[in-house]
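> just a sequence and a predicted model for now, questions to come.
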Amino acid sequence: MRFLGRMLAASAAGFAMVLVTAPVALAVEGDCNNDGVVDDTDKQLILGAVGTAAGDPGFNAAADLDGDGVISGQDVSMFAKIYGAQN
């Protein structure tokens with residue numbers, strides 16, 4: 001087994017296996033601009049997106065907290081709970 005930069009290469013019994021690693025950013029629920037923090041900027045983004053649906057201009061998938069494809073009062077309510085818990 002040898003480390004090749006960010007790759008791990010190994011071979012055994014006539015087959016090869018390559019594992020490539022990459023940094024993974026975990027999404028923060030309520031973080032509408034993906035900066036890793038839930039703050040006033042996210043609040044403005046979700047409020048500005050209310051009434052939009054997937055495919056609409058201004059739709060922000062990160063603001064669709066309930067995953068139904070529409071930014072609605074339900075998403076705002078969910079955001080308020082997240083935001084309130086952090087502040």
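Structure's in. What do you need?

> how close does the closest residue in space to Met78 that isn't next to it in sequence get to Ala53?
The shortest distance from Met78 to any non-neighbouring residue, by Cβ to Cβ, 6 or more residues apart in numbering, is to Leu65 (4.2 Å). For the C-beta atoms, the positions are set from N, CA and C on the backbone; glycine is no exception. Leu65 sits 14 Å away from Ala53, going by Cβ to Cβ, to the nearest Å.

> these two: which has the busier surroundings?
Leu65 (20 against 14; other Cβ atoms under 10 Å).

> ok, now which ones touch that one?
Going by Cβ atoms under 8 Å, 6 or more residues apart in numbering, Leu65 touches Glu29, Gly30, Gln74, Asp75, Met78, Phe79, Ile82.

> buried subset of these as a PyMOL selection?
In PyMOL, this line selects whichever of the contacts of Leu65 come out buried by 16 or more other Cβ atoms under 10 Å:
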select buried, resi 30+75+78+79+82
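
> ok, so of the contacts of Leu65, who is nearest Asn60?
Asp75 (9.8 Å; Cβ to Cβ).

> how near is the residue nearest to the closest one when sequence neighbours are not counted to Asp35?
Spatial nearest neighbour of Asp75, chain neighbours left out: Leu65 (4.6 Å); criterion: Cβ to Cβ, 6+ apart. Using Cβ to Cβ, one obtains 17 Å as the distance from Leu65 to Asp35.

> do a quick rundown of the helices in this structure.
Assigned by DSSP state H, the chain shows helices spanning 40-49, 73-86.

> contacts for the shortest one next, please.
To tie it back to what came earlier, the one meant is helix 40-49. Contacts to helix 40-49, defined as Cβ under 8 Å, 6+ apart, come from residues 30-33, 35, 58-60, 63, 71, 75-76, 79, 83.
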